[in-house]
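1. Have a look at this prediction, sequence included:
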Amino acid sequence: MILMEISSGWDSFFQLIGVLLIFLFVLAITYFTTKWIAGYQKGTMSNKNIKVIESFRVNNNKLIQIIQVGEKYLAISVCKDSINVLTELTKEQLTWLPTEDETTAAKAPNFQEILEKLKGKFPRK
């Protein structure tokens, strides 16, 4: 009787360890898959000829954007199902252009940077 209670306790312990290992395995696969997809999207999205200069939200699903395509500047409207060219702009008509520093600063911080900031806010025990 006591022997059965001990073995069932060990069985529960091994089941818990097994579930934890499976959870860690799934977590690791998720992490590496996310990193791979982010790298793939970064590679496909990094182009040098098209830049979004400015966006203005008109409605929930309607935007007006100023984009640079090569050396031309275009004002476009982006709707749910369509994109329309409103007008072509000259560089002199624009009141503000982002510098190289502003375009790199506008990129979202990566997860590692956010984690380091949070680590600094909490005291070590």
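-> Received the coordinates, thanks.

2. Could you list the buried residues of the host helix or strand of Gln65?
-> Counting by DSSP states H and E, the element that carries Gln65 is strand 62-69. Under the neighbour-count criterion of 16 or more other C-beta atoms under 10 Å, strand 62-69 has 65-68 buried. Every C-beta, even on glycine, is put in place using the N, C-alpha and C of the backbone.

3. Tell me which other helices or strands it touches.
-> With contacts taken as 3 or more C-beta pairs under 8 Å, 6 or more residues apart in numbering; DSSP states H and E, strand 62-69 sits against strand 50-59, strand 72-78.

4. How about residues contacting it?
-> Applying C-beta atoms under 8 Å, 6 or more residues apart in numbering, the contact partners of strand 62-69 are 49-58, 73-80, 86, 89, 94.

5. could you give the angle of that strand to strand 50-59?
-> Strand 62-69 runs at 170 degrees relative to strand 50-59, counting by axes from the mean of the first three to the mean of the last three C-alpha atoms, to 10 degrees.

6. so how far is strand 62-69 off the chain centroid?
-> 21 Å (C-alpha atoms, centre = their mean, to the nearest Å).

7. quick check: angle from it to strand 72-78?
-> Using the same axes, to 10 degrees: strand 62-69 against strand 72-78 is 160 degrees.

8. Select, from the buried residues of strand 62-69, the two members most distant in space.
-> Gln65 and Gln68 (10.5 Å; C-beta to C-beta).

9. looking at the chain, which helix or strand is least sure?
-> Lowest by mean pLDDT, DSSP states H and E among the helices and strands of the chain is helix 100-105, with a mean of 60.

10. Past that one, which element shows up next along the chain?
-> Counting by DSSP H and E, the next helix or strand C-terminal to helix 100-105 is helix 111-121.

11. Kindly export that following helix (C-alpha atoms) in CSV.
-> Provided in CSV are the C-alpha atoms of helix 111-121 (Å, rounded to 0.1, in the frame of the first residue of the first chain):
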residue,chain,number,x,y,z
PHE,A,111,12.9,42.9,-27.7
GLN,A,112,16.4,42.7,-26.3
GLU,A,113,16.5,46.5,-25.8
ILE,A,114,13.1,46.5,-24.1
LEU,A,115,14.2,43.6,-21.8
GLU,A,116,17.4,45.4,-20.8
LYS,A,117,15.4,48.6,-19.9
LEU,A,118,13.0,46.5,-17.8
LYS,A,119,15.9,44.7,-16.0
GLY,A,120,17.3,48.1,-15.0
LYS,A,121,14.0,49.1,-13.4
